[in-house]
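1. the following comprises the amino acid sequence and a computationally predicted model.
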Amino acid sequence: RSRRLLTRTRRFARVSTTCRRSELDRSRMARRFYQVARSLIEANRSPTMKTLDLRGSADLLCVNMMCEKVGEACICRLSRVLEKNGTELRSLCLADNNLTQLPSSVFDLKHLRVLDLSGNAFTSIPEDVVKLSSLKVLDVTGNPIEAVPKGVARSFYGATEIRWDGAASKTESRLASRARRSER
């Protein structure tokens, strides 16, 4: 009896150790699969990153003395990182960085599903954004964009959600101007 009990205990110990190992392996694999980089340094070190979150990041401030945008938001370092490690990128957040343009390497990200450009200084949506065939969400709220280009609207109709607050701000400005006219 004691031998049987001892054998069962050993088997249970082996099984539970195996389960713990497989749980650890699964969690490591999940971390690797859903890897989020929150700085350009992390992104440079992680070739398997799925998400790059640079919301309000100081990494996008240019430090290159040869660049015309030194001390301002610049895309030169971002471009190099995306060319090197952006092949599997699914989500890119560049919100609140005062950017005025995107690097051309962004438009080569064939797996990109979410592009968050909110709170920047874009005056128009780049026409090249239609090259992003997997894109599901394009967020340009908080930018001084007057209109969505017709080519972009046509290409993304029904397939991509474009978050844009330009129409609301136009309506508010029209209502305000009408109110001023009626006061006179």
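-> Arrived safely, thanks for sending.
2. shaky segments in this structure?
-> For the chain, the stretches with pLDDT under 70 are 1-34, 167-184.
3. which parts of it are strands?
-> Per DSSP state E, the chain carries strands over the ranges 36-37, 51-53, 91-93, 114-116, 137-139, 161-163.
4. okay if I get the ones you listed as JSON lines plus distance to C67 and mean neighbour count?
-> In short, each C-beta sits where N, CA and C put it, glycine included. Shown next, in JSON lines, are the strands of the chain (distance: least, CB to CB, whole Å; neighbours: other CB atoms under 10 Å):
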{"stretch": "strand 36-37", "distance to C67": "23", "mean neighbour count": "18"}
{"stretch": "strand 51-53", "distance to C67": "21", "mean neighbour count": "21"}
{"stretch": "strand 91-93", "distance to C67": "22", "mean neighbour count": "21"}
{"stretch": "strand 114-116", "distance to C67": "24", "mean neighbour count": "20"}
{"stretch": "strand 137-139", "distance to C67": "27", "mean neighbour count": "18"}
{"stretch": "strand 161-163", "distance to C67": "30", "mean neighbour count": "14"}
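5. so which of those gets nearest E127?
-> strand 137-139 (12.8 Å; CB to CB).
6. tell me what the closest one is packed against?
-> In terms of contacts (3 or more CB pairs under 8 Å, 6 or more residues apart in numbering; DSSP states H and E), strand 137-139 is packed against strand 114-116, strand 161-163.
7. so what are the sheet partners of it and their directions?
-> Its sheet considered, strand 137-139 pairs with strand 114-116 (parallel), strand 161-163 (parallel) by DSSP bridges.
8. okay, those in CSV with distance to A43 next?
-> Below are the strands paired with strand 137-139 laid out as CSV (distance: least, CB to CB, whole Å):
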stretch, distance to A43
strand 114-116, 15
strand 161-163, 24
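9. what's the closest of the ones you listed to M65?
-> M65 lies closest to strand 114-116 among those, at 30.1 Å (CB to CB).
10. who's in contact with the closest one?
-> Residues from elsewhere that reach strand 114-116, judged by CB atoms under 8 Å, 6 or more residues apart in numbering: 55, 90-95, 106, 129, 132, 135-139.
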